[in-house]
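Trainee: Structure for the following, please:
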Amino acid sequence: MARPASAVTDAAVPPPPGAPRRRFGALDAAILAAVALCVGFLVWRADSVVQYRWNWAPVWEFVVRYDAAAEAWKPNLILIGLWTTIRISIWAAIGAAIIGVAMGLARVSNSLLLRLIAGAYVELVRNMPPLVFVFVVYFFLTAQIAPALGVEAAVRAASPGTLAAIETLIGPPRLLPALLSAILCLALFEGAYVAEIVRAGVQSVERGQWDAARALGLSRTRTLRLVVLPQAIQRTLPPLAGQFISLVKDSSIVSLISVQDLAFLGNEVAATTTRLFETWIVVAGLYFLLCWTLSRLFARFEARMGRHR
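Mentor: Below you'll find the predicted structure:
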């Protein structure tokens, strides 16, 4: 009995080839050798020319400490700063996503007013140095809003349960105004870049998708929600992941407004121990570990999304 034509066709089509695995080659060996030579040269300069004497013990004491009362090891200033950086980055990423999606959709809106507002915001933020932007937002915006909203009075009147929740989710309640200022600064700054990613993702959807949705009688809002945005989100995941990693690195700038993040407390430890190289190597290693972990997680998430798609 003859097989169906579809079965013959499917059997005749070979499966798509898998992605070729990269092998360790001569170029890779040359790059690793060059990196090793550079690192060795820097160590030699620090040891023989600068005559720097390495001493890691004082720095490690500020990473973890032994609590004799609890008879347990507890995180010290550097790890506390790392945890503050993580919390600030998460909340700033949420704020940047909200602002960026709203402004990105406004950039492709039919309303001229919305396009002008979103365009002015994006161009203003993207063409301003982050240091200047943080100072402008902190001194001229949040420094006026926080007292008007009564944040410090609300913290003083909060219950112990509320204070514990604030400390877990955001940070020490006594530093809440500075932490909120840092989150707002980062959210506004990164939101401009997210807005451009969203705009590019929406505009990358083929015009035929819009025409087909219009032919089916869908409004523009339903077309965006049901047809365009699902495709745009899949296309913008890689740049959005990269932008979130950039946000983690950019969060170090809020140390300039006395937010006790990893960079701020690393500077305090370096000044206290006078071990500049060791302290900043540890801080750099923690930033690298955090960003590398995020990049691996996002890569796995993108691969899973690709398999589902």
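Trainee: what's the next secondary structure element after the helix or strand containing A102?
Mentor: Assigned by DSSP states H and E, A102 falls within helix 77-107. Note on helix 77-107: by DSSP H and E, the next helix or strand toward the C-terminus is helix 112-126.
Trainee: That next one: which residues count as buried?
Mentor: Across helix 112-126, burial judged by 16 or more other Cβ atoms under 10 Å covers L114, A118, Y121, V122, V125. To be clear about C-beta, it is placed using only N, CA and C from the backbone, and glycine gets the same treatment.
Trainee: for stretch 262-282, same thing?
Mentor: Buried positions in stretch 262-282, judged by neighbour count with 16+ other Cβ under 10 Å: 262-270, 273, 275, 277-280, 282.
Trainee: Would you mind listing the two of the residues you listed that lie farthest apart?
Mentor: With Cβ to Cβ as the measure, no two of the buried residues of stretch 262-282 lie farther apart than F264 and F277, at 18.6 Å.
Trainee: List the contacts of the closest residue in space to V108 that isn't next to it in sequence.
Mentor: Counting by Cβ to Cβ, 6 or more residues apart in numbering, V108 lies nearest to V202, which is 5.2 Å off, once chain neighbours are set aside. V202 sits next to G104, L105, V108, L224, V228, L229, A232 when contact means Cβ atoms under 8 Å, 6 or more residues apart in numbering.
Trainee: again, only using 7 Å
Mentor: V202 sits next to G104, V108, V228, A232 when contact means Cβ atoms under 7 Å, 6 or more residues apart in numbering.
Trainee: ditto for T279
Mentor: Counting by Cβ under 7 Å, 6+ apart, T279 has contacts V59, G266, V269, A270, T273.
Trainee: where's it, which helix or strand?
Mentor: Using DSSP H and E, T279 sits in helix 276-308.
Trainee: R199 and G104 touch, don't they?
Mentor: Yes. With contacts counted by Cβ atoms under 7 Å, R199 reaches G104, the gap being 4.6 Å.
Trainee: Tell me which of the two has more neighbours.
Mentor: G104 (26 against 22; other Cβ atoms under 10 Å).
Trainee: Identify the residue spatially nearest to the more buried one, adjacent ones excluded.
Mentor: Once flanking residues are discounted, G104 sits nearest to V198: 2.7 Å by Cβ to Cβ, 6+ apart.
Trainee: my read is that neighbour is in a helix, agree?
Mentor: Yes. With DSSP: H, G, I helix; E, B strand; the rest coil as the criterion, V198 is part of a helix.
Trainee: any weak-confidence spans in this protein?
Mentor: Counting by pLDDT under 70, the chain shows low-confidence ranges at 1-22, 46-47, 49-51, 143, 308-309.
Trainee: quick one: the strands in it?
Mentor: Here the chain has its strands, by DSSP state E, at 64-67, 72-75.
Trainee: now these as CSV including mean neighbour count and distance to L131?
Mentor: Formatted as CSV, the strands of the chain follow (neighbours: other Cβ atoms under 10 Å; distance: least, Cβ to Cβ, whole Å):
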stretch, mean neighbour count, distance to L131
strand 64-67, 12, 32
strand 72-75, 11, 29
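Trainee: Let me have these in TSV, extended by distance to G81.
Mentor: Shown next, in TSV, are those (distance: least, Cβ to Cβ, whole Å):
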stretch	distance to G81
strand 64-67	13
strand 72-75	10
